[in-house]
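*Asks:* model this:
(5 chains)
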Amino acid sequence: MVTPKKMLKYLYLPNLFGTERTKEILHVNPTVIPQREEATNVRTVVYSYNAANIDEHEPKRVESCFRFKDDNRINWINIDGLRKSDVESMASHFGIHALLVEDILSINQRPKMDEVEGVMFCLLNMLYYNEEKRTVETEQISIILGKDFVISFQEDEARDVFNPLRARLKLSNTKIRQRSADYLCYSMLDLIVDNYYLVMEKLGDRIEALEEEIVRNSNTRSLAKINQLKKEMIVLKRNIAPVRDLIGGIIRSESDLLEDRTTKYFKDVYDHIVQAYDLSENYRDMMLSMQDVYINNVNLKTNEVMKVMAIVTCLLAPATVIGGIFGMNFDKIPYLHNQYGFWIAVSIMLIIPIWMITVFRRRGWF
Amino acid sequence: MVTPKKMLKYLYLPNLFGTERTKEILHVNPTVIPQREEATNVRTVVYSYNAANIDEHEPKRVESCFRFKDDNRINWINIDGLRKSDVESMASHFGIHALLVEDILSINQRPKMDEVEGVMFCLLNMLYYNEEKRTVETEQISIILGKDFVISFQEDEARDVFNPLRARLKLSNTKIRQRSADYLCYSMLDLIVDNYYLVMEKLGDRIEALEEEIVRNSNTRSLAKINQLKKEMIVLKRNIAPVRDLIGGIIRSESDLLEDRTTKYFKDVYDHIVQAYDLSENYRDMMLSMQDVYINNVNLKTNEVMKVMAIVTCLLAPATVIGGIFGMNFDKIPYLHNQYGFWIAVSIMLIIPIWMITVFRRRGWF
Amino acid sequence: MVTPKKMLKYLYLPNLFGTERTKEILHVNPTVIPQREEATNVRTVVYSYNAANIDEHEPKRVESCFRFKDDNRINWINIDGLRKSDVESMASHFGIHALLVEDILSINQRPKMDEVEGVMFCLLNMLYYNEEKRTVETEQISIILGKDFVISFQEDEARDVFNPLRARLKLSNTKIRQRSADYLCYSMLDLIVDNYYLVMEKLGDRIEALEEEIVRNSNTRSLAKINQLKKEMIVLKRNIAPVRDLIGGIIRSESDLLEDRTTKYFKDVYDHIVQAYDLSENYRDMMLSMQDVYINNVNLKTNEVMKVMAIVTCLLAPATVIGGIFGMNFDKIPYLHNQYGFWIAVSIMLIIPIWMITVFRRRGWF
Amino acid sequence: MVTPKKMLKYLYLPNLFGTERTKEILHVNPTVIPQREEATNVRTVVYSYNAANIDEHEPKRVESCFRFKDDNRINWINIDGLRKSDVESMASHFGIHALLVEDILSINQRPKMDEVEGVMFCLLNMLYYNEEKRTVETEQISIILGKDFVISFQEDEARDVFNPLRARLKLSNTKIRQRSADYLCYSMLDLIVDNYYLVMEKLGDRIEALEEEIVRNSNTRSLAKINQLKKEMIVLKRNIAPVRDLIGGIIRSESDLLEDRTTKYFKDVYDHIVQAYDLSENYRDMMLSMQDVYINNVNLKTNEVMKVMAIVTCLLAPATVIGGIFGMNFDKIPYLHNQYGFWIAVSIMLIIPIWMITVFRRRGWF
Amino acid sequence: MVTPKKMLKYLYLPNLFGTERTKEILHVNPTVIPQREEATNVRTVVYSYNAANIDEHEPKRVESCFRFKDDNRINWINIDGLRKSDVESMASHFGIHALLVEDILSINQRPKMDEVEGVMFCLLNMLYYNEEKRTVETEQISIILGKDFVISFQEDEARDVFNPLRARLKLSNTKIRQRSADYLCYSMLDLIVDNYYLVMEKLGDRIEALEEEIVRNSNTRSLAKINQLKKEMIVLKRNIAPVRDLIGGIIRSESDLLEDRTTKYFKDVYDHIVQAYDLSENYRDMMLSMQDVYINNVNLKTNEVMKVMAIVTCLLAPATVIGGIFGMNFDKIPYLHNQYGFWIAVSIMLIIPIWMITVFRRRGWF
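*Replies:* Modelled structure (predicted):
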């Protein structure tokens, strides 16, 4: 009944339930700054553009970006890899408040926006779906919008979501080239939020696959998988809900950094993030339904087995009794010496269960 | 116990649970524009009217509608079938912002309203109930209210909910002919919301039928059907809740496009959509109750079977023991040589279960 | 075990669960006007009064009420039975907006208030408890408060809740005779809300009776009854919650139709409706607790039966084994030829279950 | 198994579940005034004081209090026992609105505050814990704060919570003697709210005792007790939640009756009532956890019994089979004539269950 | 089956469920002042500093601190140990309102902030995690921010969370030395909130460990532990939720005591406390999932045992019947005298269960 392979499954279960993942999700502490490791590799890319032309620079040292301040062009300085000294020197040159530096360097910070001393600061996470581990991964990004410049700090050099933006920047007739820095900031937020949908689609695929699995064959792993998914939903919601406030905050801020005509673009992003939030609620409802189906299926299956066993046992009980009756050693037992006695007894043994089956069937018991 | 027919049922189950429907509901991504296929067939109908007379035009090309702008009549331009170029040329001629064009062309957009550069924009879904698939289908409609014109974009040429409106338009003494474009816009929203009730009625019929089925005979398919219905409820709620905000937004907008005397009509639509929302909440409560009844019935049924089996087994156990006692091969067993010994033993075998039944009955166990 | 009477119960169940009632509750569609049947019988009663005297008229035709407009007395025109033509002619004479006419004639409308063109309009339901069907019945009433007049439209001639008001009106020294029309309107709303408590008391009696029944003897019908009550609660809540908004709306309206000194009376009604709402929440909590008790009792009962059966079966199993042992046909079986062998075997058959009972008891298993 | 004593318990159950208590809690109808019985005994006590001295009067008739109006001292007129005529004569002399008279005389009124024609009116309940019946009892108190006077109406002469206040009043150097009537009103509310904590402490003790009982030995009465406690929680919450609004209302009222320097004292009471509300939420959570523990324990217990029974039955089944095998009457059965045949058979009967136990144990099944 | 060690476990259970802890959590009464015991040991430490230098004093008597008022330096007076006379003398000298004195001396007070007569008052709890008892412990701290001074009252001399602050104070070039008293107050709140994360991390570790335990081997203690953790969550939430309001209140207060440039620091603390609140919600969700897993595992385990037992019993039943058939004493039983009769019977006894196993396996029943 329990094969070695099955035993292995039980050993494998803790892994499936992902207690390590629990650790990752629960261990959030935005207050401890020194935890962040210094990036070994920092890559700085500057796009300096106006409606007419665009230059791409890749300075070796962060300090080389200082000259892009106030050069009457729009500059996007994107820094991949966080090093305390870099962030601080950038901050002091571009007039970014010390507290924001702390935020940029912090880990597991809650998405937030703030307007401090003439710059607008947004901190949020880009989400990626790790196909292998089946987890939602986050990469923190800080976007600082100043007059004519946008500085963005990312954690990981290897990936981001801005490639479509880079492509569009290089085309001269795009709206992004004609507008000022706030439109660049909008485009970045838009791409980040759009990417949330890609992650949600992957999760949607998993919900769907899991639903089919549960409906077909609910097993012990199913609940484990539901719980795994629930954890990823926590990550999702933890990122989406505050981004809604973040973008709402930008719209309400009435900052001088934002042109009137850009507001409606931010409203568009806001609509998307609200819808993403609604969708994540739908996901949750779907998973609760799935859990109900799972429990129902497990119960039905066990009940079916138990029922069949009880019925078989019950059907054979009369035969045992009859066998016992004619196995008694009384001197005088009717039919004992009759030629067909045995066959009569066996017939009764068969007739009773058949009658019982008929009765049970009529009652709809199986 | 499990007939081939029953096996078939199990194979049919995944379908019943509708994982494809899950896919449709979960895969919402308003950010990806290029997914929309270009309509092969576009049908444009223009109603140009004032209090005195009404003309109906059906131009071949969208561009032919341009002349209806600022002709001192009220024009309703209804375009069935979305083609990117059409929408864009209409937008540029009628002064509709580029972002709205994106919204019009988007798929699975959340219902929303916006007032941009002198036009009021409403995007929402018409709902239809597909009797065959038993699903709620949506058709996106964009309504643009400008000064003296209403432009509406629909996805599907084959169906809409505006026929009563068309009939009323053709009558000269109707309120709609005496009023301006905002009243036309109100009439459209009113018909869309009214149609929600038709869809809800169909769902209500299914809830009712399902309730009766569950009460009569709860089976494995019942939970599947409850879950199916729950999914349709998600579609319903996803459309009703934001439409409430949409119409509330129109009322609060204080737009110049809306005459004071039309406001109370919009309030009337608002009352209807609020009530629709309340009703959908009632539906949800009803279905939760149904799920309780289902689980209760399934448990009662299994318990009843198990109870009867246990009782039968239990009643026959004493007989087995007595049979065993008199089947032992001891030399001296009382009554063994008695003439009525056998009958005494059999009587005891009968008396004990009868006594047990009496006791059990008195305890109310069956 | 299942007597014909019991079978009847199962057939009766669907009725008990009340799927027809579900239909009534779910089929709400305020948008379809033509559904309302024209009343065959219309009864109009006019109370025309001032502080000094009061006249009661019962005109045959609705049009005969027109003369009561602006006669410098306060007039309460109560019309029982809704006929489209009547409502429209009244509306056109007393300056009531066409949309309100639609509301008055609508069915299953959500309670609402509105102030349109100098009249205040309240639409709500009077609730009655039908002792026979055990349902909450509603009768729609529209109250129109104008300068010096109140017009009320009721559906059903046979009943209303205003008799105490009529009695008070006929007394000359009552406050209602000294005050203007807004006080009359307050008195009507007050009586309607007070009547809600009578309905709630009846429901409270049923909850109480049901609780006692469940505690005494939970059976299949209990859950059916809980679900029935839940449905009536939906009716109750659907009427109470929006009436709260309605009266709150009157208080906030700052209408010229309301004298300052009447406001505190409306606040009093508001307190009552808020309390009614709280009470309905308590009812809901109570019923959830009852459902828990029911499920607990059903489980306990089944478990008890199963336990006893299992114990009996288990206690008899050793005796069967011993019977089997001494029933074997080996040549040499100890004690077989002993004079007391049989009695020893039977004693063991008795001693083992007694010992088992002792052990089980010590463990607290029964 | 079911002793007469146990039967008694079942009879006693309905009482335990307290359906009479349900009646008391559910039958709330604030609209019916005539229900209140006239108090047979009315006791009026007047404290007339200023910073310099204090007089205590106990007039026989309520009308004797009239002279305390406007005597340039602060007067606290406390009337125990409600008689319609008394309340009305007090109201007319002290300028209290007729609607407030109705409120004072009403039963089961929701706590509320109002400022009407220059007096501030608070209606709330004092709570007492009845150790015997284990219920929360309420006594309605109406406090009317006017310029230089406080009138309080209580239902029950026998008890109130103001003794500490009376003691402090008699001391000349207390703050209460130096301040005006609003401070007296604050002191009264403060004592009432403080008393809520005493009641909550008693309930807390019961929760605690019940938790211990459930953990030690969950039985049928446990759920009954949880439900009893839940009902008392309804009483508690029904009183605490609106008192929060009441005191919040006083703070926001900006009444002339309240000195600025007294506001912070009311804020203090507000903090206490908010905390009481939070605490009552904690109680609720605790009880939900308790219910989970109860259900878990009941299930574990039943499952354990069933498991042991099933195991015993299962362990004995092979012995029955072996007994049957060697009890067959075939001519040639091996070992039948062997000297040790019997012992071999019995050994197998023992060895198989022992082997089964070993296997089951290894699987962790008992 | 139930060893003495197991019996011990049952006795130990109540302790595990921690009813004493329930007592501690439920017995909250902020209104009873006299309960607080006078501290036997009071330790006062004063840091008197400006940008240039810092002095540390440890006066024997509280009254020695009076001279630090208005000495044109910033003074932090930290008093460990609460004695009524000390608090009152400090209050009267530093102009702290009598009500605040009450708050400082109260026990189990809800976190709150208030601005009274020119000082800002914050009362909250420092949290510690007691590794041994596995509970969250609280220590009440009152912080009074005045012009140029901060007074803090702590309950317990042995511990606080301010050591990093003390270290930073001693360094002359830190921001804290350059700023005024509001920055000191911010730093204290920041450290308190940061410490909440440490406590939450410990709880997170326990949730994680418990999840692993439940997944590996759910036993009776698991639910006890979940309930224990839930209680600590109540303590956590009770402290975090009002601190959010507290800090929000400081930000909104627009007090003269707060410099504009300090506001953003308070906003930073606010972000942290909001995130702590979100995290505690995640903890709660996680624990609800864990409870589901636990119940599922317990059920699966019991069901598995029951299933195996039922299957074994069921498989052996046919053999019993066959044994009975050939054990009957009829004269003519086929095969009885056949040489291989016995072996045929035994073969049938084996073949039937093997066939049954095949069928059951095909059905997926084990």
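*Asks:* return the set of buried residues in stretch A:63-71.
*Replies:* Neighbour-count burial for stretch A:63-71, counted by 16 or more other CB atoms under 10 Å in any protein chain shown, picks out A:C65, A:F68. In this view, the C-beta of every residue, glycine as well, is placed from N, C-alpha and C.
*Asks:* likewise stretch A:96-115?
*Replies:* Residues of stretch A:96-115 classed as buried: A:96-97, A:100-101, A:103-115 (neighbour count, 16+ other CB under 10 Å).
*Asks:* so which of the residues you listed are in strands?
*Replies:* Here DSSP state E is the test, and the buried residues of stretch A:96-115 give A:K112, A:M113, A:D114, A:E115 as lying in strands.
*Asks:* which residues in chain A form strands?
*Replies:* A:43-49, A:54-57, A:74-80, A:112-116, A:119-130, A:135-146, A:149-154.
*Asks:* re the thing from before, what's the most distant pair in the ones in strands among the buried residues of stretch A:96-115?
*Replies:* Farthest-apart pair in those is A:K112 and A:E115; separation 11.3 Å (CB to CB).
*Asks:* quick one: which of the ones in strands among the buried residues of stretch A:96-115 is nearest to B:L123?
*Replies:* Using CB to CB, those come closest to B:L123 at A:M113, 27.0 Å.
*Asks:* biggest helix in chain A, by residue count?
*Replies:* The helix that spans the most residues within chain A, counting by DSSP state H, is helix A:260-326.
*Asks:* how about stretch A:153-170: buried residues?
*Replies:* Residues of stretch A:153-170 classed as buried by neighbour count (16+ other CB under 10 Å): A:F153, A:Q154, A:E155, A:D156, A:D160, A:V161, A:F162, A:L165, A:L169.
*Asks:* does it reach chain B?
*Replies:* No: judged by CB under 8 Å from any CB of the partner chain, stretch A:153-170 stays clear of chain B, getting no closer than 11.3 Å.
*Asks:* pull the CA atoms of that stretch into PDB?
*Replies:* What follows is stretch A:153-170 as a C-alpha-only set of coordinates in PDB (Å, rounded to 0.1, in the frame of the first residue of the first chain):
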ATOM      1  CA  PHE A 153      18.800  52.600  -9.200                       C
ATOM      2  CA  GLN A 154      18.400  48.900  -9.800                       C
ATOM      3  CA  GLU A 155      19.800  46.000  -7.900                       C
ATOM      4  CA  ASP A 156      20.500  43.500 -10.600                       C
ATOM      5  CA  GLU A 157      22.500  44.300 -13.700                       C
ATOM      6  CA  ALA A 158      21.300  41.200 -15.500                       C
ATOM      7  CA  ARG A 159      17.700  42.100 -16.100                       C
ATOM      8  CA  ASP A 160      15.200  44.900 -16.200                       C
ATOM      9  CA  VAL A 161      12.000  45.700 -18.000                       C
ATOM     10  CA  PHE A 162      13.100  48.800 -19.900                       C
ATOM     11  CA  ASN A 163      14.200  47.500 -23.300                       C
ATOM     12  CA  PRO A 164      11.100  48.700 -25.100                       C
ATOM     13  CA  LEU A 165      11.700  52.100 -23.600                       C
ATOM     14  CA  ARG A 166      15.300  52.200 -24.800                       C
ATOM     15  CA  ALA A 167      14.100  51.200 -28.300                       C
ATOM     16  CA  ARG A 168      11.500  54.000 -28.300                       C
ATOM     17  CA  LEU A 169      14.000  56.500 -27.000                       C
ATOM     18  CA  LYS A 170      16.300  56.000 -30.000                       C
END
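*Asks:* gap between that stretch and the chain center?
*Replies:* 23 Å (CA atoms, centre = their mean, to the nearest Å).
*Asks:* compare the strands of chain A and give me the one nearest E:S64.
*Replies:* Closest among those, using CB to CB: strand A:112-116, at 41.9 Å.
*Asks:* just the angle for the longest helix of chain A relative to helix E:260-326, thanks.
*Replies:* Here the directions of helix A:260-326 and helix E:260-326 differ by 20 degrees (axes from the mean of the first three to the mean of the last three CA atoms, to 10 degrees).
*Asks:* quick check: A:I352 touching A:A317?
*Replies:* No: judged on CB atoms under 8 Å, A:I352 makes no contact with A:A317 at a distance of 9.3 Å.
*Asks:* and A:I295, how many residues sit next to it?
*Replies:* Close neighbours of A:I295, defined as other CB atoms under 10 Å in any protein chain shown, add up to 18.
*Asks:* I'd assumed E:N296 was in contact with it.
*Replies:* Yes: under the criterion of CB under 8 Å, A:I295 makes contact with E:N296 at 7.3 Å.
*Asks:* for A:F366, report the pLDDT, please.
*Replies:* At A:F366, the model reports a pLDDT of 64.
*Asks:* close to chain D: what parts of the stretch 251-366 of chain A are there?
*Replies:* Going by CB under 8 Å from any CB, the residues of the stretch 251-366 of chain A near chain D are A:G327.
*Asks:* interface residues of the stretch 251-366 of chain A facing chain C?
*Replies:* For the stretch 251-366 of chain A, the residues in contact with chain C (CB under 8 Å from any CB) are A:G327, A:R363.
*Asks:* point out where the stretch 251-366 of chain A drops to low pLDDT.
*Replies:* By pLDDT under 70, the low-scoring segments of the stretch 251-366 of chain A are A:366.
*Asks:* got the residues of it near chain E?
*Replies:* A:291, A:295, A:298, A:302, A:304-306, A:308-310, A:312-313, A:316-317, A:319-320, A:322-324, A:326-329, A:333, A:335-339, A:341-342, A:345-346, A:349.
*Asks:* going through these, which ones are buried?
*Replies:* Among these, those classed as buried by 16+ other CB under 10 Å are A:291, A:295, A:298, A:302, A:304-306, A:308-310, A:312-313, A:316-317, A:319-320, A:322-324, A:326-329, A:333, A:336, A:341-342, A:345-346, A:349.
*Asks:* the residue positioned nearest the centre of chain A and chain B, how far apart?
*Replies:* The structure's chain A has its C-alpha centroid closest to A:E232; by CA atoms, centre = their mean the separation is 3.1 Å. For A:E232, the distance to chain B (CB to the nearest CB, to the nearest Å) stands at 14 Å.
*Asks:* one more: A:P334?
*Replies:* 7 Å.
*Asks:* separation between the nearest residue to that residue once chain neighbours are set aside and C:W343?
*Replies:* Using CB to CB, 6 or more residues apart in numbering or on different chains and skipping the chain neighbours, the partner closest in space to A:P334 is B:F342 (7.3 Å). B:F342 sits 20 Å away from C:W343, going by CB to CB, to the nearest Å.
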